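> next one to model:
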Amino acid sequence: MKPEKDEDAIVDVLDVVLRDGAVVRADVIVSVAEIPLVGIKLTAVIAGMETMTEYGLFEEWDTDRRAAAVARRQYGSRNDKRETSQDRADTIER
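The predicted model follows:
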């Protein structure tokens, strides 16, 4: 019996990680001669942005991004109106 590579399994794992999320935690202590010098506590969360915001992670980032997108749309529409009125003014002068 030969092992088979199931590519659907990778896609399923990725789907679950993005949908539900995964938390990886690590505690590292750097020591010399059994004397602890540095302690590091690491936490990494891997998930889709929708899942992150559902759990309250990146909430400020999400709010800022949405506000920036709204501002770009509003500025873009104002800019289009200015160009149109400027084009009209140029046409009238000619």
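
> what about V45, which SS state?
The assignment at V45 comes out as strand when based on DSSP: H, G, I helix; E, B strand; the rest coil.

> next: K2.
coil.

> OK, contacts around it?
Under the criterion of Cβ atoms under 8 Å, 6 or more residues apart in numbering, the contact list for K2 is empty. To be clear about C-beta, it is placed using only N, CA and C from the backbone, and glycine gets the same treatment.

> bridged to A22, which residues?
In this structure, A22 has beta-bridge partners I46, where bridges are defined by DSSP bridges.

> give me the number of residues near it?
Applying the criterion other Cβ atoms under 10 Å, we find 12 residues in the vicinity of A22.

> same question, G48
G48 is surrounded by 14 other residues when neighbours are defined as other Cβ under 10 Å.

> now do it against A33, distance only.
45 Å (Cβ to Cβ, to the nearest Å).

> now E4
Using Cβ to Cβ, we find E4 at a distance of 50 Å from A33.

> please, where are all the strands along this structure?
Chain-ordered strands for the chain, with DSSP state E as the definition, fall at 22-32, 35-46.

> and the angle for the longest one with strand 22-32?
Spelled out, it's strand 35-46. Our comparison of strand 35-46 with strand 22-32, counting by axes from the mean of the first three to the mean of the last three Cα atoms, to 10 degrees, yields an angle of 170 degrees.

> show me how far strand 35-46 is from its chain's centre.
23 Å (Cα atoms, centre = their mean, to the nearest Å).

> counting by contacts, list what it packs against.
With contacts taken as 3 or more Cβ pairs under 8 Å, 6 or more residues apart in numbering; DSSP states H and E, strand 35-46 sits against strand 22-32.

> could you list the buried residues of stretch 8-22?
Of the residues in stretch 8-22, those with enough neighbours to count as buried (16 or more other Cβ atoms under 10 Å) are G21.

> quick check: mean pLDDT across that stretch?
Average pLDDT, stretch 8-22: 86.
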